[in-house]
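Asker: build me a model from this:
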Amino acid sequence: MTNPKIRVETSETEAAAWHARLGARSVSTQTIEEFFAWRAEPANADAYRRVEKIWGDTGRIVDDPEIARALNEALSRRPEASRPRRLPRTLVGLTLGGAVMAAAVGGVLWLQSRTVFATGVGEQRLVQLADGSNVRLDTDSRIRVRFDGDRRLVELDAGQALFTVAHDSARPFVVEADDARVTAVGTVFDVRRDGSGVRVTLVSGVVDVAERGAGRQTKRLAAGQQSRVTPQGQVTRAADIQTETSWTEGRIVFRDTPLRDAVAEVNRYLPDKILLDPAVGETASVNGVFKTGDREAFVSTASAVFGLRASRDGEGRILLSSAKNDGGAPGTPGV
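Answerer: Take a look at the predicted model:
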């Protein structure tokens with residue numbers, strides 16, 4: 001008969017190992033499936049929740065000898081070439097930008113906290129969370145994930161993300177972004193944060209969108225609806241789901257979009273931006289589909305349709321200016 005104490009200790013070690021594996025920058029579907037199979041055993045599930053709660057509550061490894069021992073054992077399983085020497089008894093847990101630094105003999109070992117995920121300009125990333133939910137991050141975006149036994153919390157610090165939430169009625173899935181709080185159980189929705197507010201678009205299921213702060217209103221969205229939350233309040237309207245989520249397929253869709261707004265949207269995916277001369281008229285509107293990051297296609301089309309001149313500056317940017325001396329763009333229909 002298996003000794004229960006040994007089983008618990010083994011579960012703690014395995015939980016720490018899974019915590020490290022799921023914190024890798026890229027996690028395969030097979031790894032997620034193996035994790036779910038391992039977590040199906042109650043003792044394993046309890047051990048993982050304990051490790052997860054420590055990270056979620058404090059953002060660091062606290063002075064817990066069992067977890068410290070489990071981490072040491074998990075790290076010792078790494079290949080010999082990349083294995084650090086055994087961690088000292090004192091595990092130094094310092095929260096530094098979402099990472100934990102542990103002092104190791106002969107060097108410094110960095111254990112990346114899996115609570116922070118981000119993309120650079122022009123990048124997209126699919127993140128698979130430990131509960132089975134998926135988050136697709138758009139360009140220049142950043143989220144922080146905090147899961148514990150009672151809730152699943154994701155903070156969108158910047159950018160845009162599409163959330164596909166695994167159903168768990170006991171633990172609501174909450175996304176916070178600036179003045180908005182979105183609560184779901186199992187659904188698909190898009191959240192975008194920009195300088196003027198937060199935009200929540202519901203693809204399927206049901207979500208509650210609340211304005212953060214005492215006495216603020218909460219609205220329940222149905223599929224196909226979008227809510228915009230600003231410091232002034234919340235406005236809900238119907239949304240074109242294909243247009244709002246086209247970025248997940250690497251496309252930008254414009255429909256009667258002012259040229260200046262279209263340039264700003266294209267620039268989100270470009271390290272070298274497009275500059276629009278202030279003298280260009282405000283009446284031009286853009287209609288069309290462009291590939292994200294394809295600066296040349298957008299510049300070429302806008303130049304031809306609106307009669308603009310494209311020139312490069314010394315920093316790699318492109319300036320769009322009027323080809324006419326009157327400073328106004330021709331009143332041509334949109335792209």
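Asker: so Glu34 sits in a helix?
Answerer: Yes: secondary structure of Glu34 (DSSP: H, G, I helix; E, B strand; the rest coil): part of a helix.
Asker: neighbours around it, how many?
Answerer: Residues near Glu34, counting by other CB atoms under 10 Å, number 13. C-beta: built from backbone N, CA, C; applies to glycine.
Asker: quick one: the strands in the stretch 151-300 of the chain?
Answerer: Here the stretch 151-300 of the chain has its strands, by DSSP state E, counting those that start in this stretch, at 152-164, 173-177, 180-184, 188-194, 197-204, 207-211, 218-221, 225-230, 233-238, 251-258, 274-276, 285-291.
Asker: for the nearest residue to Thr218 once chain neighbours are set aside, give me its contacts.
Answerer: Closest residue to Thr218 apart from its sequence neighbours, by CB to CB, 6 or more residues apart in numbering: Ala210 at 4.1 Å. Applying CB atoms under 8 Å, 6 or more residues apart in numbering to Ala210 gives the contacts 180-183, 216-219.
Asker: quickly list what Ala210 is bridged to.
Answerer: Assessed by DSSP bridges, Ala210 has beta-bridge partners Arg181, Thr218.
Asker: mind checking pLDDT for it?
Answerer: We have a pLDDT of 93 for Ala210.
Asker: now for the nearest residue to Glu244 once chain neighbours are set aside, how many residues are close by?
Answerer: Leaving out its chain neighbours, the residue that sits closest to Glu244 by CB to CB, 6+ apart is Thr201, at 4.6 Å. Thr201 has 25 neighbouring residues, counting by other CB under 10 Å.
Asker: buried set for stretch 123-139?
Answerer: Buried residues in stretch 123-139, defined by neighbour count with 16 or more other CB atoms under 10 Å: 124-125, 127-133, 135-139.
Asker: now stretch 136-149
Answerer: Quick answer for stretch 136-149 (16+ other CB under 10 Å): 136-147.
Asker: straight-line length of it, end to end?
Answerer: 24 Å (CA to CA, to the nearest Å).
Asker: what do you get for stretch 240-256?
Answerer: Termini of stretch 240-256 sit 13 Å apart (CA to CA).
Asker: what of stretch 170-187?
Answerer: Stretch 170-187: ends 15 Å apart by CA to CA.
Asker: check what pLDDT the residue nearest to Glu244 gets.
Answerer: 97.
Asker: domain parsing for the chain?
Answerer: As given by automatic domain parsing, the domain ranges for the chain are 4-112, 117-244, 250-322.
Asker: any regions of the stretch 51-200 of the chain where pLDDT drops low?
Answerer: Residues of the stretch 51-200 of the chain that meet the criterion pLDDT under 70 lie in 52-114.
Asker: could you point out where the stretch 201-335 of the chain is predicted with low confidence?
Answerer: Using pLDDT under 70, the stretch 201-335 of the chain drops low at 214-215, 324-335.
Asker: apply 80 and report the result again.
Answerer: 212-216, 281-283, 323-335 (pLDDT under 80).
Asker: from Arg312, how far off is the residue lying closest to Leu319 once chain neighbours are set aside?
Answerer: Nearest non-adjacent residue to Leu319, counting by CB to CB, 6+ apart: Leu275, 4.6 Å away. Distance of Leu275 to Arg312, given as CB to CB, to the nearest Å: 10 Å.
Asker: likewise Arg212?
Answerer: 44 Å.
Asker: neighbour count winner among those two?
Answerer: Arg212 (13 against 10).
Asker: ok, that one touching Val174?
Answerer: No: with contact defined as CB atoms under 8 Å, Arg212 and Val174 do not form a contacting pair (11.2 Å).
Asker: who touches both of the two?
Answerer: By CB under 8 Å, 6+ apart, Arg212 and Val174 have these common neighbours: Arg181.
Asker: tell me which of the buried residues of stretch 136-149 is nearest to Ala323?
Answerer: Nearest to Ala323 among these is Thr139, at 30.5 Å by CB to CB.
Asker: quick check, nearest of the buried residues of stretch 136-149 to Pro42?
Answerer: For the buried residues of stretch 136-149, the nearest to Pro42 is Phe147 (18.3 Å; CB to CB).
Asker: beta partners of the closest one?
Answerer: Counting by DSSP bridges, Phe147 is bridged to Arg152.
Asker: my guess is it contacts Ala166. True?
Answerer: No: taking CB under 8 Å as the definition, Phe147 is not a contact partner of Ala166, at 11.4 Å.
Asker: who touches both of these two?
Answerer: Counting by CB under 8 Å, 6+ apart, the residues touching both Phe147 and Ala166 are 129, 131.
Asker: my guess is Thr301 meets Gly288, correct?
Answerer: Yes: under the criterion of CB under 8 Å, Thr301 makes contact with Gly288 at 7.0 Å.
Asker: looking at those two, which has the bigger crowd around it?
Answerer: Higher neighbour count among Thr301 and Gly288: Gly288, with 17 against 14, using other CB under 10 Å.
Asker: that one is in contact with Ala297, isn't it?
Answerer: No: counting by CB under 8 Å, Gly288 stays clear of Ala297, with 9.7 Å between them.
Asker: thinking again about what came up before, surely the residue nearest to Leu319 and Leu320 touch.
Answerer: Yes: with contacts counted by CB under 8 Å, Leu275 reaches Leu320, the gap being 6.9 Å.
Asker: if anything else comes up later, I'll come back, but that's it for now.
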